[in-house]
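Engineer: 3D model of this:
(2 chains)
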Amino acid sequence: MTHPFLALTDSDLEEMLRTVGVTSVDELFRDIPAAMRLGRSLELEPALSEHELSAHMAELAARNVDTTRELSFLGAGIYDHYVPAVVDTVLQRGEFLTAYTPYQPEMSQGVLQSIFEYQTAICELTGMDVSNASGYDGETVTADACFIAKHATGKTKIVVTEATNPQVRQVVKTYAPGFGLEIVELPHRNGTTDPDELRRAAEGAAAVIFQQPNFFGCLEPAPDLAAAANEAAALPIAHVDPLSLGVLEAPGRYGCAIALGEGQAAGNVPSYGGPHYGFLAARQEFIRRMPGRIVGETVDAAGERGYVLTLQTREQHIRREKATSNITTNQTLLALGGLVYLTWLGPQGIRELGETCLSLAAYAQQRLQEVAGLERVFAERATFKEFAVRVGRNARDVIRDARARGVHPGYALGRDYEGMDDVLLVAVTEKRTPLEIDRLAAVLAEVAR
Amino acid sequence: MKLIYEKSQAGRRASAIPRHEGLPAPEVPAELRRAEPPRLPEVPEFELVRHFTELSTRNFGVDTGFYPLGSCTMKYNPRINERLVGLPGFAQLHPHQEEDGAQGALELEWRLEQILAEVTGLDAVSLQPAAGSQGELTGLMLVRAYFEDRGESAQRRKVVIPDTAHGTNPASVTMSGYELTHVQTDARGNIDVEDLRAKVDEHTAALMLTNPSTLGLFDENIEELERIFHGAGALMYYDGANLNAVCGISRPGDMGFDIVHINLHKTFSQPHGGGGPGGGPVAVRGMLEPFLPVPAVIKRGDGSFGLDFDRPRSIGKVRGFTGPFGVFVRAYAYMRMYGPRLREMSEAAVLNANYVLARLKGVYELPYDRLCMHEFVLSARDMKRDHGATALDVAKRLMDYGFHPPTIYFPLVVPEALMIEPTETETKETLDAFCEAMLAIAREAAASPELLKEAPHHRPVRRLDEVRAARNPVVKYAFEQHPAAEPARPVAAEAPKGP
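Structural biologist: The predicted structure follows:
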C-alpha cells in the first residue's frame, strides 16, 4: 500500500535496492546500533485520508471563537486589519510558497527582487537607510537590535520603557544573559515616558527602546525621547506600528538609529500569534552589523540587472561563531505578504487607513464615555487606534460577560501592569464600523462598572 | 524586469479604505505628524497581480521541480495544508483570545506536542521557537538554566561542536554566551572520539550534534559519545535538521540526547516560503521541563486545555505568544496523514538518497564511502583539478537541465562539496533524470568545461556578480537616482532544457 506523498512501486524498490547493492531497506540503516533502534511502531493514531483529516481539522477550528464569530476589539500587539485577496493570491503561488532561501540567485530572482522591493518599502515607511529581509516577529527583532547596539557601542546596558509591549520586554530579558546585557525598565508617567527621566536612565546605555504608539495606545513624545537618548549617547530604537506611519512621523526623521516592529498588522492574518514577520531597519552606519538576510542589486554576466543575497560575511553560514546573528530561516513569505499589502495600500491608502483608525478610535472613546460612562485612563494623552478605559471592576470579568453577549471588548491590562486590574485596552481598526462601536458601548454599559 | 516602484504612477491605487461621515476628525499632534508620505508604489490592482505573478515565474520551488538542496529537506508540501490553515477558526483567531475561545487551537498544539514527544523519544515539548536556529538558542538557554539550578553554571562554560556542524550551531553558542570547543571528524566521517575524549571534562556544558551528520552519515560511535558526555555530567543537544532520516527508526531520546529541536519546515512539510516561515520546537528530557519557555500548553483534569504562565524556573519567552501557530496547523495535519507510517517516509528518503549516490559515486568523488542516510556529499575536487570546473559550475549547469542545484561548499570538511538530499517525495524517473544530468555534466566538464563555467544559459538571468553586490551595496530602490531598468527584449517561448 503506497501513500499519497510517496511513489515507490514494488519494481522501483527491487531495482533501487539492487543498484545500491543491498537486499532490504532495513540494511540501509545498519550503521545505527541495535540498542538505539526503536524496534516498534510509533505510538501514533493511524494515518488519516485527506477527507478524514479535513473533517478533524474543521472540528478543531470550530472550537475556536475567531474574529468572524465575535465582534472583536482585541489588539495589544496583534490587530484585526483587513487583508485583501491579492495577498493570498500572491502567497499561494507555488514558486514563492515552496522555494528555499535564495542561495542560488539565478533560480530565485522572483523572491530576491520582491525582498529588494520589501526592503525599499520598509525604509520608506521608517525613514531608514537599510532594512533586512525580515526577522521572526516584533519581539525577536527587538532582541536583535540590542545585539547590534551592544557591538556598535561597546556598552551593555539597555533601557526599555515600561510602556513597551510586555512580551517584547520579556523576550529581550530572556535573551539578555546570553548577550551579556543588563536590562533597565523605565516607568511611565501617566501613560507616556518622560524625556528627562529617559535621558538620565540612558547615561552609559547602549540603547534606549521605546514604542510608538506605546502599549497603552498613547502617543509618546517620540522626537523628544530620541533626542534625549542621543544626548546621552545611547542609540534610540523605535518599536513602531507600521500602519501608524501613514500619519505618524517616520523614526528616521527624528533621529532614531534603528526602527523595528511587528509586521502582522500590515498584511498578515492574526493566526493565533504567527507566523508573522518582524521588520528591522537602521541607519546606513549599521549595515554590516545587521542580522539576517539582505538583498542587493547587481548585474549578470550579460550586464543585465539582477538581485542576490549580499553582505553574507555577516551571516552564520560564512562567519559561524563570529556572525552577527544565528538567524537563517526568517519570515520571507510573510514579509512578501507585507510588501503586497503595502503596494495595495499605496501612499494614499496608508494615510487614509491611519485617518480612519484615528476617527473611529476617537468615536469609540466618545461613545464609551457617553453611553457606558467609562473614563479613559491617561485621558490627556493623544492616541492612534488603541486606548485604555477603566471599567470599574476586574477587566477579565468584564471581558467574560461581554463575550457572553458576542463582543470581545479588548485586552485586560492587569495581566501585565500592577494596579490596572480594572483597565481594558480597546483596539479599533478600519474594519470596525460606527454601528459596531455603538454595540460595544451598549454591551459595556451593561457589563462594566 | 522592472521594479514595482518603476511601474508606479502618481494617483493610481489598488485599495479603497472605508471612510465614515460624521465622526470626529482624525487628529495627530503637529509635532508627531508625518511630514512626507512614504513613497509606496502606486499601481492598480491588476498591475499588482501581474507584477507579482511575473516575479513568481522567475522563481523555482518544489512545485516547479526537483530541489535536492542538502540539509534543507525540500519535500512536497501538501496543498490540503494551505486550505486548512486558512480556516477562519485558525487564520482569524486572535492570540489574546480567552482560553475558552481557543480550545481547538490549544488542543491542536497539545496534540502536536504529544506527537513530537513520541517521534523524538523525549518527555516534554515547547512549540515556541520560531525556527531551527532559535530552537538551538532556546536549547542552550535551557542548558544554562539547568546548570544554574545545579550550581554548576560558572564551571561549565564550554559547548562542543564538530567541524561538520551547521553554521547556526557556533553562532548560537556565541549568542548564548558560551565558549566553543571544536572537535574533528575521523576518516569514516564520525566524530573523532580520541580528539573528543581529550576535550570533554567538568567544564563542558553540552555537545551539539546533528545525527545523521551534515555528511549524511549516522555516527557509528554514538553510544560512546553518550558515555563520554553523560559521564562528564554534560548534556547532549540534537540538531534536528536531519530528522527526516530517522522518523520511526531511531529516536534522538533513545540515542541519549537530552534536548532536540525539530525543524517543522523541513521534516514536517511547512513550505519554506522563499526563506521562511519555519518552526523550531524543542523537546526535552523530563528534568529540563521546568525550564521550558512560558506559556506552557496544558491539559487540565476536566479535559479542557489552557496556558500555564506560572513556571518560576522558566527561561522566559523567546518569541511572542505560543509560537508560529499556522506552522503548527500544517505540521500537525501532515503528521496525522502519516501516523505510524512516518517510518515509511524516512525509509523512502534514505532509499532515494542511496540510489542517487550509487548511480553517481563512480563519476564524482565520494569522500566517505559508506551507505548514506537521507543525504550524501560528493566532491568536485577531481573535476576542478582535471578540468577547472568547480562545484559552483556544476550547480549553475544543473539549472540548465531544469533542476535546482544541491547545497555547495558545505560541509566545510569536504572540498568542492556537493550536498545532495533528494527527499522521499520524488519518483524514480525524476531521480534517474537528475542522475543522467549529473553524469552528462561530468562529461561536459571534460569535453567543454566552458559550458559549465558560463552557466546558466537558460535562466531569466545569467550568472550574477555577487562580489560587485557586496562591494558597493545597493539595498533599496533610489527612486529618481536609481539606474533605469534594461530596455524590453523579446521573451523566449520556453527555456530549453539541457544541450
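Engineer: C-alpha from now on. contacts and neighbour counts both.
Structural biologist: Noted.
Engineer: For the stretch 1-150 of chain A, give me the ranges with low pLDDT.
Structural biologist: Within the stretch 1-150 of chain A, the segments meeting pLDDT under 70 span A:1.
Engineer: pretty sure B:Asp147 is in contact with B:Ser153, am I right?
Structural biologist: Not Asp; residue B:147 is Phe. Yes. Assessed by C-alpha atoms under 8 Å, B:Phe147 is found in contact with B:Ser153 at 4.8 Å.
Engineer: ok, which stretches of the stretch 251-400 of chain B are helices?
Structural biologist: Using DSSP state H, counting those that start in this stretch, the helices of the stretch 251-400 of chain B run over B:252-255, B:325-338, B:342-360, B:381-387, B:391-400.
Engineer: Make CSV from these and add mean pLDDT and distance to A:Cys123 to it.
Structural biologist: Formatted as CSV, those follow (pLDDT from 0 to 100; distance: least, C-alpha to C-alpha, whole Å):
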stretch, mean pLDDT, distance to A:Cys123
helix B:252-255, 97, 44
helix B:325-338, 98, 28
helix B:342-360, 98, 43
helix B:381-387, 97, 43
helix B:391-400, 98, 33
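Engineer: Tabulate those helices (TSV), appending mean neighbour count.
Structural biologist: TSV is the format used below for the helices of the stretch 251-400 of chain B (neighbours: other C-alpha atoms under 10 Å in any protein chain shown):
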stretch	mean neighbour count
helix B:252-255	22
helix B:325-338	25
helix B:342-360	24
helix B:381-387	16
helix B:391-400	24
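Engineer: What segments of the stretch 51-200 of chain A are helices?
Structural biologist: Under DSSP H, counting those that start in this stretch, the stretch 51-200 of chain A gives helices at A:85-91, A:94-97, A:109-126, A:138-153, A:166-179, A:195-202.
Engineer: who does the shortest one touch, helix- and strand-wise?
Structural biologist: It stands for helix A:94-97. Secondary-structure packing of helix A:94-97 (3 or more C-alpha pairs under 8 Å, 6 or more residues apart in numbering or on different chains; DSSP states H and E): helix B:45-57.
Engineer: now stretch A:439-449: how far from the chain's centre is it?
Structural biologist: Between the centre of stretch A:439-449 and the centre of its chain there are 31 Å (C-alpha atoms, centre = their mean, to the nearest Å).
Engineer: returning to that earlier point: how about the helices of the stretch 51-200 of chain A, which one is nearest A:Leu6?
Structural biologist: Relative to A:Leu6, the nearest member of the helices of the stretch 51-200 of chain A by C-alpha to C-alpha is helix A:94-97, separated by 19.6 Å.
Engineer: For the closest one, which outside residues touch it?
Structural biologist: A:91, A:110-111, A:333, B:56-57, B:59-64, B:271-274 (C-alpha atoms under 8 Å, 6 or more residues apart in numbering or on different chains).
Engineer: re earlier: mind putting the helices of the stretch 251-400 of chain B in JSON lines, distance to A:Leu17 included?
Structural biologist: As requested, the helices of the stretch 251-400 of chain B are exported to JSON lines (distance: least, C-alpha to C-alpha, whole Å):
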{"stretch": "helix B:252-255", "distance to A:Leu17": "27"}
{"stretch": "helix B:325-338", "distance to A:Leu17": "24"}
{"stretch": "helix B:342-360", "distance to A:Leu17": "7"}
{"stretch": "helix B:381-387", "distance to A:Leu17": "28"}
{"stretch": "helix B:391-400", "distance to A:Leu17": "26"}
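Engineer: Any idea how many residues pack against the closest residue to chain A within the stretch 301-450 of chain B?
Structural biologist: When distances are taken as C-alpha to the nearest C-alpha, the stretch 301-450 of chain B reaches nearest to chain A at B:Pro324, 4.0 Å away. As a burial measure, B:Pro324 scores 28 neighbours (other C-alpha atoms under 10 Å in any protein chain shown).
Engineer: wait, what's in contact with it?
Structural biologist: A:273-276, B:128, B:130, B:278-279.
Engineer: Please apply the same query to A:Arg390.
Structural biologist: For A:Arg390, the contact set (C-alpha under 8 Å, 6+ apart) comprises A:374-377, A:422-424.
Engineer: Just the strands from the stretch 101-250 of chain B, written as ranges.
Structural biologist: B:124-126, B:158-162, B:179-183, B:204-209, B:235-240 (DSSP state E, counting those that start in this stretch).
Engineer: Kindly reformat those as CSV containing mean pLDDT, distance to B:Gly248 and mean neighbour count.
Structural biologist: Putting the strands of the stretch 101-250 of chain B into CSV (pLDDT from 0 to 100; distance: least, C-alpha to C-alpha, whole Å; neighbours: other C-alpha atoms under 10 Å in any protein chain shown) gives the following:
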stretch, mean pLDDT, distance to B:Gly248, mean neighbour count
strand B:124-126, 98, 18, 25
strand B:158-162, 97, 26, 24
strand B:179-183, 97, 29, 18
strand B:204-209, 98, 19, 24
strand B:235-240, 98, 14, 27
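Engineer: Of all these, which one is nearest A:Thr98?
Structural biologist: Once those are compared by C-alpha to C-alpha, strand B:235-240 is nearest, at 20.4 Å.
Engineer: Can you list the strands that the closest one pairs with?
Structural biologist: According to DSSP bridges, strand B:235-240 forms sheet pairs with strand B:204-209 (parallel), strand B:259-262 (parallel).
Engineer: could you dump those strands to a markdown table with distance to A:Ala402?
Structural biologist: Output for the strands paired with strand B:235-240, formatted as a markdown table (distance: least, C-alpha to C-alpha, whole Å):
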| stretch | distance to A:Ala402 |
| --- | --- |
| strand B:204-209 | 50 |
| strand B:259-262 | 40 |
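Engineer: mind checking which of those strands is nearest B:Cys72?
Structural biologist: When these are compared by C-alpha to C-alpha, strand B:259-262 sits nearest B:Cys72, at 12.5 Å.
Engineer: and the closest one, C-alpha only, in CSV?
Structural biologist: Below are the C-alpha coordinates for strand B:259-262, written out as CSV (Å, rounded to 0.1, in the frame of the first residue of the first chain):
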residue,chain,number,x,y,z
ILE,B,259,17.4,18.3,24.1
VAL,B,260,16.2,18.2,20.5
HIS,B,261,15.0,20.9,18.2
ILE,B,262,12.7,19.9,15.3
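Engineer: right, and the helices of the stretch 251-400 of chain B - which one's nearest A:His151?
Structural biologist: The closest of those to A:His151 is helix B:325-338. By C-alpha to C-alpha, the value is 33.0 Å.
Engineer: I'd like to know which elements that closest one is packed against.
Structural biologist: In terms of contacts (3+ C-alpha pairs under 8 Å, 6+ apart), helix B:325-338 is packed against helix A:50-62, helix B:79-85, helix B:103-120.
Engineer: so how far is A:Pro434 from A:Gln366?
Structural biologist: Between A:Gln366 and A:Pro434 the computed distance is 11 Å (C-alpha to C-alpha, to the nearest Å).
Engineer: again with A:Leu444
Structural biologist: From A:Leu444 over to A:Pro434 (counting by C-alpha to C-alpha), the distance is 15 Å.
Engineer: With neighbour numbers in mind, choose between these two.
Structural biologist: The neighbour count for A:Leu444 versus A:Pro434, taken as other C-alpha under 10 Å, is higher for A:Leu444 (24 against 18).
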